[in-house]
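# Prediction below, plus the sequence it came from.
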Number of protein chains: 2
Amino acid sequence: MKTINSTPRADGFGMPAEWEPHYGCVMIFPERADSWQYGGYEARKAFAEVAEAIAESEKVTVCASFEQYENARQMLPPQIRVVEMSSNDAWARDYAPTFVTNGNEIRGVNWGFNAWGGLTDGLYFPWDKDDKMARKLCDLFDKDMYDLGGFILEGGSIHVDGEGTCITTEACLLSAGRNPKLSKNEIEKYLCEYLNVNKVIWLKNGIYNDETNEHVDNICAFVKPAEVVLAWTDDESDPQYEMSRSCLEILERETDAKGRKIKVHKLRCPKPVTITEDECRGLDTMNFEPTRTPGERLAASYVNFYISNGAVVMPFFGDPADEPAQELLASLFPERKIVPIQARDILIGGGNIHCITQQIPLFK
Amino acid sequence: MKTINSTPRADGFGMPAEWEPHYGCVMIFPERADSWQYGGYEARKAFAEVAEAIAESEKVTVCASFEQYENARQMLPPQIRVVEMSSNDAWARDYAPTFVTNGNEIRGVNWGFNAWGGLTDGLYFPWDKDDKMARKLCDLFDKDMYDLGGFILEGGSIHVDGEGTCITTEACLLSAGRNPKLSKNEIEKYLCEYLNVNKVIWLKNGIYNDETNEHVDNICAFVKPAEVVLAWTDDESDPQYEMSRSCLEILERETDAKGRKIKVHKLRCPKPVTITEDECRGLDTMNFEPTRTPGERLAASYVNFYISNGAVVMPFFGDPADEPAQELLASLFPERKIVPIQARDILIGGGNIHCITQQIPLFK
């Protein structure tokens, strides 16, 4: 694994859209007892279901700690590869490299990771094992690496259309815990250089109470060039309403890198999902404080799906909105199977299916 | 990674000779402070030299603990892949799977590992991380596995010619710490089934004071079908003399699986190599006892080389016998470069270059 001292853009590499062909997907086996209730047993089951659904059409590699390796190997079907790799938690989207390609070769981009805000408003300490994963994954897959470790970015805070457009949120990328010394323009330049895009669409915010500082991948995702799904609610009394409306307004007046208007599909959220007392009892404390309080609203959104070669793997919440969401995605991805996963046990950890996966573009 | 419930022989798979084409080689980065003097700094340097020499003609993967990963990545050139994997020590030959092939596909054999003798005369406790490595390496390389975890065997205790013959030592395979409930015949059957050989040549012993219970790979190695090198001394007062003589006698009266007489090339050992007081001071204790005592003889032998696609990587001991040994190997491997490595810092750990490497046959 070589570190390359230039930028993807300079070398003709860029991040493809998620619907372009994958070699495979990386995930991490969850175990952290202050993130996953009751020692993570149910979370591991849900992660395994996600891995299995993705493995139907692409190669899945699951990283597990030494302690959980055996358990992962037993729980996952043989076509899934399990490798030992240490992490602080299980958010592959945010720790893994962003893979870029020139059509023939792929390389990884190693962004800095500081647990969604470092000492300012990060979610745990330390985060050293997570931060090392992108480099180790480039090494594991024998891919050369662009090292941008000094610039804090999580994979969940960006989405691209593969045709020059990136979408992100100000709430996250301009937060005090990320790159406070950089201006919005400077941050945009990094995105343009390292994702190889020409246009960044800045939404103001994401999903209400999303503790990642409102990652874009929970509120808005490209489904094809110039088309997005946007997490939506019709309930004007819900704080999400104004947040989603603000996104809609921005998207309606924006154009993409090719000058196209953007078609917005409203993907209606489930009714507010809150954590129960019983679930909270199953979470270890952190620094002698509970990590969640009963009744706390979780950032539930159907936008947090993963597009595999053959499927769209999406969260279900046991809500009446589950099926309409599935129908909308089915209409937008007519060539893919829509695979719903009961995702409450992933959501409790603070994210969803897109957050726990990272695609690797096809390589020769 | 799938576990296969048959045997290599039943499926037409067998272990190729080491000189047949490799996909690559696995090694482990050393760090154990009761095995490697002064925290392993010099050992890591020597291991890195070995890795680099092998990487000139095949893909090398080095396994490192979480703690040593960064250090390994810095010390090793970029063409070498470093992956995180936990181990108790650094003997890839003995922990890694034995890879078998049918010419198209490769699979791994997972033997049981108990630190060269378990609770009877094993060299450390526990050995759980080592014992898991074969399985994890099959997983890492996405190869299916024959699981023979109930049968104790180390890769260093066998050599094959790829044409039906295996060579081993009674001192090791019949030792009380390996498979004491199995007869010699039963053990031989396992070798025949899992290596796919028809003939096992049993030497009585190996190198004097070799704490592996005298692995064959330190005393005798095939260099081509029906030709071996044998560690030798002309000094009749050296306890090694009778041991090497016994091997010679057996080899001279034996034939290989194809009925051929075996040509024996004497590979003369260096003068006895003993550990110094200063080196001993640099070794941590184990169970409150020193692991070595000053003046203790180390099992130095030139037979402990590794055959890579393009080279024979061999140990040097700073002894007048170094060059004659190199010349003999050069004459036996005319198409390969002979690469000597100053190996004292590997030898102190208890083995040598063959012990710290495991080849992976070429696969498609």
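That came through, no problem. No experiment lies behind these values; they were computed from the predicted model shown.

# For chain A, which segments count as helices?
Assigned by DSSP state H, chain A shows helices spanning A:8-11, A:41-55, A:66-75, A:92-95, A:118-121, A:128-140, A:170-173, A:184-191, A:239-253, A:277-281, A:322-332, A:344-347.

# Output the set of residues of the stretch 51-200 of chain A in proximity to chain B.
Applying the criterion CB under 8 Å from any CB of the partner chain, the portion of the stretch 51-200 of chain A that neighbours chain B consists of A:66, A:69-70, A:73, A:78, A:81-86, A:129, A:132, A:135-136, A:139-140, A:142, A:144. Yep, even glycine has a C-beta here, placed from its N, CA and C like the rest.

# Show the buried residues in the residues you listed.
By neighbour count, with 16 or more other CB atoms under 10 Å in any protein chain shown, these hold A:66, A:69, A:73, A:81-86, A:129, A:132, A:135-136, A:139-140, A:144 as buried.

# What is the neighbour count of A:F305?
For A:F305, the count of nearby residues is 31 (other CB atoms under 10 Å in any protein chain shown).

# for A:H215, that is, sorry about that
In terms of burial, A:H215 registers 31 neighbours under the definition other CB under 10 Å.

# ok, now how distant is the closest residue to it other than its chain neighbours from B:R32?
Spatial nearest neighbour of A:H215, chain neighbours left out: A:G156 (4.0 Å); criterion: CB to CB, 6 or more residues apart in numbering or on different chains. When CB to CB, to the nearest Å is applied, the distance between A:G156 and B:R32 equals 39 Å.

# Please tell me how far the residue of chain A positioned farthest from its centre sits from A:G117.
The outermost residue of chain A, judged against the average C-alpha position, is A:F288 (28.6 Å), by CA atoms, centre = their mean. Applying CB to CB, the value for A:F288 to A:G117 is 20 Å.

# what distance separates the start and the end of stretch A:51-61?
Between the opening and closing residues of stretch A:51-61 we find a distance of 9 Å, counting by CA to CA, to the nearest Å.

# can you list contacts of it?
Defining contact as CB atoms under 8 Å, 6 or more residues apart in numbering or on different chains, one finds that stretch A:51-61 is touched by A:22-27, A:62, A:76-77, A:79-83, A:140, A:306, A:308-311, A:313, A:339, A:341, A:357.

# Mind giving me the PyMOL select for those, buried ones only?
Here the buried members of the contacts of stretch A:51-61 are turned into a PyMOL selection, burial being counted by 16+ other CB under 10 Å:
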select buried, chain A and resi 22+23+24+25+26+27+62+76+80+81+82+83+140+306+308+309+310+311+313+339+341+357
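
# Could I get the contacting residues of A:W36?
When contacts are counted by CB under 8 Å, 6+ apart, A:W36 touches A:P30, A:E42, A:A43, A:R44, A:A90, A:L283, A:D345, A:I348, A:G349.

# Please apply the same query to A:G310.
Neighbours of A:G310 in contact, by CB under 8 Å, 6+ apart: A:E56, A:S57, A:E58, A:R336, A:K337.

# from the residues you listed, which is closest to B:P272?
Closest approach to B:P272 among these (CB to CB): A:E58, at 57.5 Å.

# Near that closest one, how many residues? Count them for me, please.
A:E58 has 18 nearby residues by other CB under 10 Å.

# what separates the nearest residue to A:H265 once chain neighbours are set aside from chain B, distance-wise?
Spatially, and ignoring its direct neighbours in sequence, A:H265 is nearest to A:V229 (4.8 Å; CB to CB, 6+ apart). Here the distance between A:V229 and chain B works out to 35 Å (CB to the nearest CB, to the nearest Å).

# what's near enough to touch A:V229?
A:V229 sits next to A:C220, A:A221, A:V223, A:V264, A:H265, A:K266, A:L267, A:Y302, A:V303, A:L328, A:L329, A:L332 when contact means CB under 8 Å, 6+ apart.

# Looking at the stretch 201-350 of chain A, which residue is nearest chain B?
Across the stretch 201-350 of chain A, the shortest distance to chain B (CB to the nearest CB) belongs to A:N309, at 17.7 Å.

# isn't that residue right next to A:C25, touching?
No. With contacts defined as CB atoms under 8 Å, A:N309 does not count as touching A:C25, sitting 9.4 Å away.

# ok, the residue lying closest to A:A171 once chain neighbours are set aside - contacts?
Across the structure, with CB to CB, 6+ apart as the measure, the residue nearest A:A171 apart from its sequence neighbours is A:E214 (4.0 Å). Shown here is A:E214, whose contacts under the criterion CB under 8 Å, 6+ apart are A:T169, A:A171, A:C172, A:N205, A:G206, A:I207.

# all strands for the stretch 151-300 of chain A, in order.
Listed from the start of the chain, the stretch 151-300 of chain A has strands (DSSP state E, counting those that start in this stretch) covering A:159-160, A:165-169, A:199-203, A:220-224, A:227-232, A:263-268, A:273-274, A:297-298.

# Tell me the strands beside the second one, with direction?
Strand A:165-169 sits in its sheet next to strand A:159-160 (antiparallel), strand A:199-203 (parallel), going by DSSP bridges.

# what angle separates the last one from strand A:227-232?
Angular relation of strand A:199-203 and strand A:227-232 on a 0 to 180 degree scale: 10 degrees, by axes from the mean of the first three to the mean of the last three CA atoms, to 10 degrees.

# How about exporting strand A:199-203 as CSV, limited to the C-alpha atoms?
Output in CSV follows, covering the C-alpha atoms of strand A:199-203 (Å, rounded to 0.1, in the frame of the first residue of the first chain):
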residue,chain,number,x,y,z
LYS,A,199,-20.4,21.3,-7.6
VAL,A,200,-21.3,20.9,-3.9
ILE,A,201,-24.9,21.4,-2.9
TRP,A,202,-25.0,22.5,0.8
LEU,A,203,-28.2,21.6,2.6
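
# Rounded mean pLDDT for that strand, please.
Averaged over strand A:199-203, pLDDT sits at 98.

# quick one: it to chain centroid distance?
Mean-position distance between strand A:199-203 and its chain equals 17 Å (CA atoms, centre = their mean, to the nearest Å).

# Next, the angle from that strand to strand A:220-224.
Computed by the same axes, to 10 degrees, the angle between strand A:199-203 and strand A:220-224 is 140 degrees.

# I would like the residues contacting strand A:199-203, please.
Residues beyond strand A:199-203 that count as contacts (CB under 8 Å, 6+ apart) turn out to be A:164-170, A:173, A:184, A:188, A:191-192, A:216, A:219-220, A:246-247, A:250-251, A:254-257, A:262.

# Residue ranges in chain A under the pLDDT threshold?
When the per-residue scores of chain A are filtered using pLDDT under 70, no range remains.

# Make sure A:W111 is actually in contact with A:T98.
Yes. Contact status for A:W111 versus A:T98: in contact at 6.9 Å, counting by CB under 8 Å.

# Overlap in contacts, these two.
Both A:W111 and A:T98 are contacted by A:G155, under the criterion CB under 8 Å, 6+ apart.

# hang on, the earlier thing: weed out the non-buried ones from the contacts of strand A:199-203.
For the contacts of strand A:199-203, a burial check counting by 16+ other CB under 10 Å picks out A:164-170, A:173, A:188, A:191-192, A:216, A:219-220, A:247, A:250-251, A:254, A:256-257, A:262.

# now, among the buried ones among the residues of the stretch 51-200 of chain A next to chain B, which is nearest to A:A10?
Proximity of those to A:A10 (CB to CB) peaks at A:D144, which lies at 13.8 Å.

# How about the contacts made by the nearest residue to the closest one once chain neighbours are set aside?
With CB to CB, 6+ apart as the measure, A:K2 is the residue that lies nearest to A:D144, at 4.4 Å, once sequence neighbours are left out. Residues in contact with A:K2 (CB under 8 Å, 6+ apart) are A:D144, A:M145, B:P78.

# go on, A:N309?
Taking CB under 8 Å, 6+ apart as the test, what A:N309 contacts is A:P21, A:H22, A:S57, A:E58.

# measure the second one to B:T169 for me?
Distance check for A:H22 against B:T169: by CB to CB, it reads 50 Å.
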